[in-house]
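**Student:** Fold the following and give me the result.
(chains A and B)
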Amino acid sequence: MTDKITDIHAYLGEFDDIPGTRVYTAKRARQGYHLNQFAMSLMKAENRERWKADERAYLDEWPMTEDQKLAVLARDYNRLLDLGGNIYFLAKVFSTDGLSFLQAVSTMTGMSVEDYQAMMIAGGRSPEGVRSIKEHR
Amino acid sequence: MARITHGIACSHIPALGVASDFDKWEDPYWKPIQEGFAPTQAWEAENLPDVVILVYNDHASAFDMKIIPTFAIGCGESYKPADEGWGPRAVPDVEGHPDLAWHIAQSLILDEFDMTIINEMDVDHGLTVPLSMMFGKPAKWPVKVIPLAVNVVTYPPPSGNRCWALGEAIARAVESFDEDLNVQVWGTGGMSHQLQGPRAGLINREWDQMFLDKLSGDTQELRCIPHIEYLRETGSEGIEMVMWLIMRGALGKETRELRRFYHVPASNTAVGHIVLEPVNGDVPPSTTVEGNNAEAQNLID
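**Tutor:** Alright, predicted model coming up:
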């Protein structure tokens, strides 16, 4: 087990050392506030209908950045994570599209849905080599 | 006097709810999971508690980014299944136990756990999937449920150590409730999984087994695992396992494992459950001023 970290800067700094992972920190939560709240609005059936009728017009009702809006329209989930999106909020977007978690998550890995599902059935992605960038482990 | 009889930890993967709701258990993909849970369902039916304190996390359902409580306790009469974007699950409403819940809330606050109190909310798959996995598809859930929601989405979540200590405080609260009730504490979520980014799909069978092993006996090693270890070893969403430590802390000094099941995968995730029994349910006494003040304690209903 790793040593206990007591300093907040060291605590947060370690999160950038994990390959292929965006930890949902306060910084990301601030950046993505309106993006995530937009996604949250799709919990309501009447909002889903309006969203499906005209996605761009619906997005323009939210004080999001143009980058965030374009990434939503493109369903570019890795980009959305970089722009402050959180996967449980973004799930409202892909659920509205009729995608399962497995289908949506696979799009972030560069693998086809079939290959991703086959990897999961074979036991999932090994943590070997993707624990730490610095330590190459 | 109320007593904690057992602790259960259980996955709450949404796909399990889909498998249950749409009767998919006979599919070859889901069959091993159904077979793994069936004996525990039978065990649970024979050891049915009156109340389950169900520790879970909300997944952008009842709480959005407007309000993020670290620890919240449901003190309401009942809770409806949430519409998570595809319509609410067709499962029964969840009946609360406001008397015990309010008692626990008061006791925890005097014990210096500054709980958020929730009287009305909908409950998402985090809470309803474990009920389906333990009880199947009854017309009415056979237990009352006290929801205990933990923030494990926005960093930082509470530490494992804090979760364990909260469990110990819950044990003190249950013990001081006058009504004769059997109570189970459930920790939910996990096991290893990552739902985001190019590293998605991570599973760490070895680490998960280590975690399951150390829930039994008198070791307190798990409470010292830092967040970064969950992130590196079990994937970004594996952090949900800190919630299991609330259950473990509530079972006291020493536990015994009664049942265990572990399987990969369900959707993106390692699925599992464990049933624990207290061997020595003692927890440390409250160290707080109000926790040791008879007059303050007498104010608790």
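
**Student:** Now the single nearest residue of chain A relative to chain B: closest residue in space, sequence neighbours ignored.
**Tutor:** As assessed by CB to the nearest CB, chain B sits closest to residue A:124 within chain A, at 2.7 Å. For every residue, glycine as well, the C-beta is placed using N, CA and C. Spatial nearest neighbour of residue A:124, chain neighbours left out: residue B:203 (2.7 Å); criterion: CB to CB, 6 or more residues apart in numbering or on different chains.

**Student:** Could you do residue B:151 as well?
**Tutor:** In space, and not counting its chain neighbours, residue B:151 is closest to residue B:70: 5.0 Å by CB to CB, 6+ apart.

**Student:** on that earlier part again, tally of neighbours for the residue nearest to residue A:124?
**Tutor:** 27 (other CB atoms under 10 Å in any protein chain shown).

**Student:** Tell me who's in contact with it.
**Tutor:** Residue B:203 is in contact with A:120, A:123, A:124, A:125, A:126, B:192, B:193, B:235, B:264, B:265, B:269, B:270, counting by CB atoms under 8 Å, 6 or more residues apart in numbering or on different chains.

**Student:** what's the most distant pair in those residues?
**Tutor:** Within the contacts of residue B:203, A:126 and B:269 form the most distant pair, 15.4 Å apart (CB to CB).

**Student:** ok, the two, which is more surrounded?
**Tutor:** A direct count of neighbours by other CB under 10 Å for residue A:126 and residue B:269 places residue B:269 higher, at 32 against 13.

**Student:** which residues in the stretch 201-301 of chain B form helices?
**Tutor:** Along the stretch 201-301 of chain B, counting by DSSP state H, counting those that start in this stretch, helices occupy B:205-213, B:227-234, B:242-250, B:294-298.

**Student:** Quick one: mean pLDDT over the third one.
**Tutor:** The one in question is helix B:242-250. Mean pLDDT, computed over helix B:242-250, is 98.

**Student:** Run the angle between that helix and helix B:205-213 for me.
**Tutor:** Inter-element angle recorded for helix B:242-250 and helix B:205-213: 20 degrees (by axes from the mean of the first three to the mean of the last three CA atoms, to 10 degrees).

**Student:** what packs against helix B:242-250?
**Tutor:** Applying 3 or more CB pairs under 8 Å, 6 or more residues apart in numbering or on different chains; DSSP states H and E, one finds that helix B:242-250 contacts strand B:3-10, strand B:51-56, strand B:144-150, helix B:160-175, strand B:182-188.

**Student:** Identify the residues contacting residue 77.
**Tutor:** Because you didn't say which chain, this covers chain A. If you count contacts by CB under 8 Å, 6+ apart, residue A:77 has them with A:85, A:87, A:90, A:94, A:104, A:107, A:108, B:196.

**Student:** Wait, chain B was what I had in mind.
**Tutor:** Counted by CB under 8 Å, 6+ apart, residue B:77 has contacts B:95, B:96, B:98.
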